[in-house]
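Undergrad: After the sequence you'll find the predicted model.
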Protein chains: 2
Amino acid sequence: MLTYSFTDIGSDTLYNHLYKCIKNDILSGILAPGSRLPSKRSLAKNLGISVITVESAYGQLVAEGYIYSLPKKGFFVADISQDKEQQNALLSSENIRLSSGETSYIANFSSNQTDSENFPFSIWTKLIREILNENQKELVTNPPCGGILKLRQAIADHLKGYRNLHIEPEQIIIGAGTEYLYGLLIQLLGFDKNYAVEDPGYDKIYKIYKKHQVACSHIPMDESGIIINELEKYHTDVVHISPSHHFPTGIVMPIGRRYELLGWASKSPDRYIIEDDYDSEFRMTGQPIPALQDIDVLERVIYINTFTKTLSSTVRISYMVLPKSLVNRFYKELSFYSCTVSNFEQYTLARFIEDGYFEKHLNRMRNYYHAKRDYLLNCIRESKFSSYVEIMEEDAGLHFIMKINTTLSDREFCMYAEQKGIKLSALSHYYSLPTNVEHYFVINYSSVQEEHIPEAIRILHEIARKH
Amino acid sequence: MLTYSFTDIGSDTLYNHLYKCIKNDILSGILAPGSRLPSKRSLAKNLGISVITVESAYGQLVAEGYIYSLPKKGFFVADISQDKEQQNALLSSENIRLSSGETSYIANFSSNQTDSENFPFSIWTKLIREILNENQKELVTNPPCGGILKLRQAIADHLKGYRNLHIEPEQIIIGAGTEYLYGLLIQLLGFDKNYAVEDPGYDKIYKIYKKHQVACSHIPMDESGIIINELEKYHTDVVHISPSHHFPTGIVMPIGRRYELLGWASKSPDRYIIEDDYDSEFRMTGQPIPALQDIDVLERVIYINTFTKTLSSTVRISYMVLPKSLVNRFYKELSFYSCTVSNFEQYTLARFIEDGYFEKHLNRMRNYYHAKRDYLLNCIRESKFSSYVEIMEEDAGLHFIMKINTTLSDREFCMYAEQKGIKLSALSHYYSLPTNVEHYFVINYSSVQEEHIPEAIRILHEIARKH
């Protein structure tokens, strides 16, 4: 008969202690496979514990497969010998080294992180509280795969007023960031299609296509944007562009090229244009450039935008507007997916837009970034650094191009800058192939602290002067 | 000279009105391509408006490519004729019909939606408020791609206490739902691998693999779970299973089979096991079954779990635990992705776990579902329906199997039930191939209202009795 001590079990329960004792005896081989365990009643009597306790321990062992029961015969030890040796064959793992966070810079002109002071915390807190009080039932009700209708309606209204886009809320698909939506689009448009991105361009987009193992080419640009003939050359089906404000060059695609592009798309039913409108809200002068989607009567443009730029990069809400021809396909093939954004944030954002806070926030942010850009440009202009630089494409979005008169290579300049605490990206860095574009730097100013700007310019000037 | 009226422009700005007038004239052909526009100064004088206004309108037209400027020569109308006809070639789109929501049932035994009453609203509200007050800087700081460390630490601690898993927070990757994580895993493990799922199984998982265009087979099960020989037959590299509580059969994989499976994985460095532990928290009797991950010394098990089951299906936070051997690969290849869960919810959930609320919530929910299950089983037992049914696998998770003695086919029974307001899924429905498993139904009781249970049983009894 099995005998275990119950005198020193600490805070463990009786049943759990018994379970562990028997399990250990099975693992160590003391209880051999096939051997019969005492009946619940007799073991209970022997150990001076209740039958229920033994029953619980046996139940757990049965559930885990250590023992099995045969009707009217009792409980037996299972054969778990196979591959058990593996348990001891410990492998040493590579050590996991992880930087806990980002390096801190005097000024990081390479980051598109938003400025923490500008998130509308008090409004957001108020709205969340209202939602949590008033919408409990909706908050825990599964939304349609495209997102809650209230938010999609709010976005449709916003796009109408702000971008002159006339779309149905059902065309809008909400997702946790544009990166997620790109993956969804590949599933919708096909893994067998030829994708294309702009060259130079935002490297991450290319990476996402490559990680999905789809064919993806880099299409060269001229001063009006992507070159249409090159699309033909690469047999492109789907082209991913940012016509309103190209990253990093800042090019705004003129209307002529836009029509050419739509003309290209019209030539085959499989051709689509993904219009990434990532920072059109921050155009500095004039009104926003009309979206490609707006002049697309062929239903070949998929419009994508995000709240990560306008609210905070840590709020993961983006959306795409599918042409009507793709909406039905989406619902048919991909509506089994759950929406990736939590209801709590969808309802809060919906109210934020509906109640007019979003528009106010955009205006405030536009002024804020406008002022920051002006301050930065002014600091440059009034510094000795000004004789080394030329500023381009400063009218749109949250970055501009700065040409620096230096004999250093782009790599060297960035390296010296980094050594002094200034993170900088060269335009050449965004080309897929070696390029003769040199001494152009992309200046993202959205997250740079104003008080650090003079020091940053002083450092850049020193590097330019010394070399 | 161009002449436009400014008398009836409503709330439009002068510059915007002028911009639209000129644009319309270009689009309609009144202003021919190549024709020269009046100088800013002379047009301003002619129209009685300021030069600045004309400058703004011209600037907008240049930005959009309708006109262009030649140094010292002035502004000219661009040639936008190409493909312009397309604008008029309106295509009729299929109508988009969308059901606004789900049909409402007396009882939906097919849904895994959580019960709205049980979300811990007051605690959640309190924590969100605290976070929004105290952590503003962290809330708008980009997290590592795997999620904020505080949450990953909280999950690691929880898994240690609750599941006896000893893991580093860095092994945990947070994502917006398990569906998203599956996609990420395909990118990590490879599109060229052979994936496998359980048959019967949760259809959505198979769909996700197919939508990613990877090879995916259905592996038959016996009473201990997936059959290892079949994995070999299909040349499986990656097998996706739920060993702690298989859906829909409820099978708990015994320890012997677990070791066999680990043995299978050990035979090639490309073999991995995805352990989907989706509802282990709701095991009804005994303690939770140890995770496969717990006995995996070969580093071949990827553990996945979610808060959508334990909190609410509308809170999109899931996580996976990568074996250390995969962690480095993940950071090297996929860390360019942003985390898909917003910081706001990550910090709230981290505090929810840290402060012990999650454990309390789990206990409360376990009792709640335990009571609901008992009530449902009791209602069946005490009803006339009891003579038609047999209940199986009721000890784990939020569903059990009910065998109904009927001459109806599964499809017919479900159809009759649906006509009477009861949504039911047959076990046969979860098999990929036609099966002779008949008259077994999967009873998800998590979202069924207790007050509707007697009526639901009465209806099911009536269907069984009549046929």
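TA: Here it is on my side, so go on. The shown structure was predicted, so the numbers you read here are calculated from the model rather than taken from an experiment.
Undergrad: Going by C-alpha atoms from here, please, whenever you check contacts or count neighbours.
TA: Will do.
Undergrad: For the stretch 101-250 of chain A, just list every one of the helices.
TA: Here the stretch 101-250 of chain A has its helices, by DSSP state H, counting those that start in this stretch, at A:121-134, A:136-139, A:149-163, A:178-189, A:203-211, A:228-233.
Undergrad: so which of those helices comes closest to A:Phe307?
TA: helix A:178-189 (9.6 Å; Cα to Cα).
Undergrad: Point out where the stretch 251-400 of chain A drops to low pLDDT.
TA: A:284-288, A:396 (pLDDT under 70).
Undergrad: Counting neighbours, what do you get for A:Glu382?
TA: A:Glu382 has 11 neighbours, counted by other Cα atoms under 10 Å in any protein chain shown.
Undergrad: I should have written A:Ser268 there, sorry.
TA: Close neighbours of A:Ser268, defined as other Cα under 10 Å, add up to 10.
Undergrad: How about A:Gly10?
TA: By other Cα under 10 Å, 9 other residues sit near A:Gly10.
Undergrad: Helix, strand, or coil at it?
TA: Here A:Gly10 is coil, with the state taken from DSSP: H, G, I helix; E, B strand; the rest coil.
Undergrad: Please identify the buried residues of the host helix or strand of A:Ile274?
TA: Per DSSP states H and E, A:Ile274 falls inside strand A:272-276. Neighbour-count burial for strand A:272-276 flags A:Tyr272, A:Ile273, A:Ile274, A:Glu275, A:Asp276 (criterion: 16 or more other Cα atoms under 10 Å in any protein chain shown).
Undergrad: Out of those, which are close to chain B?
TA: Filtering those for proximity to chain B by Cα under 8 Å from any Cα of the partner chain leaves nothing.
Undergrad: one step back: so what are the sheet partners of the strand holding A:Ile274 and their directions?
TA: Strand A:272-276 sits in its sheet next to strand A:238-241 (parallel), strand A:301-306 (parallel), going by DSSP bridges.
Undergrad: would you turn those into a markdown table with mean neighbour count?
TA: Below are the strands paired with strand A:272-276 laid out as a markdown table (neighbours: other Cα atoms under 10 Å in any protein chain shown):
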| stretch | mean neighbour count |
| --- | --- |
| strand A:238-241 | 23 |
| strand A:301-306 | 23 |
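Undergrad: of all those strands, which lies closest to B:Arg351?
TA: Among these, the nearest to B:Arg351 by Cα to Cα is strand A:301-306 (27.7 Å).
Undergrad: mind putting the helices of the stretch 101-250 of chain A in a markdown table, mean neighbour count, mean pLDDT and distance to chain B included?
TA: Below are the helices of the stretch 101-250 of chain A laid out as a markdown table (neighbours: other Cα atoms under 10 Å in any protein chain shown; pLDDT from 0 to 100; distance: least, Cα to the nearest Cα, whole Å):
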| stretch | mean neighbour count | mean pLDDT | distance to chain B |
| --- | --- | --- | --- |
| helix A:121-134 | 15 | 94 | 7 |
| helix A:136-139 | 17 | 91 | 6 |
| helix A:149-163 | 18 | 93 | 8 |
| helix A:178-189 | 20 | 97 | 6 |
| helix A:203-211 | 18 | 95 | 6 |
| helix A:228-233 | 14 | 95 | 13 |
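Undergrad: Could you count how many residues lie near the residue of the stretch 201-350 of chain A found nearest chain B?
TA: Here the stretch 201-350 of chain A gets closest to chain B at one residue, A:Pro254, 3.8 Å apart by Cα to the nearest Cα. Residues near A:Pro254, counting by other Cα under 10 Å, number 24.
Undergrad: repeat for the one 3 residues further on
TA: By the other Cα under 10 Å criterion, the neighbourhood of A:Arg257 contains 19 residues.
Undergrad: For the helix or strand where it lies, which helices and strands make contact with it?
TA: Per DSSP H and E: A:Arg257 is located in helix A:255-266. Using 3 or more Cα pairs under 8 Å, 6 or more residues apart in numbering or on different chains; DSSP states H and E, the elements in contact with helix A:255-266 are helix A:228-233.
Undergrad: which outside residues touch the helix it packs on?
TA: Applying Cα atoms under 8 Å, 6 or more residues apart in numbering or on different chains, the contact partners of helix A:228-233 are A:Ala196, A:Ile219, A:Pro220, A:Glu260, A:Leu261, A:Trp264.
Undergrad: The second one is in contact with A:Asn194, isn't it?
TA: The reference is to A:Ile219. No - applying Cα atoms under 8 Å as the test, A:Ile219 and A:Asn194 come out as separate, 12.0 Å apart.
Undergrad: Pick out whichever of the two has more residues nearby.
TA: Between A:Ile219 and A:Asn194, counted using other Cα under 10 Å, the more crowded position is A:Ile219 (24 against 18).
Undergrad: gap between that one and A:Val238?
TA: 12 Å (Cα to Cα, to the nearest Å).
Undergrad: repeat for A:Ala156
TA: Taken as Cα to Cα, the span from A:Ala156 to A:Val238 is 24 Å.
Undergrad: could the helices of the stretch 101-250 of chain A be laid out in TSV, adding distance to A:Ile9?
TA: Output for these, formatted as TSV (distance: least, Cα to Cα, whole Å):
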stretch	distance to A:Ile9
helix A:121-134	45
helix A:136-139	45
helix A:149-163	56
helix A:178-189	50
helix A:203-211	52
helix A:228-233	73
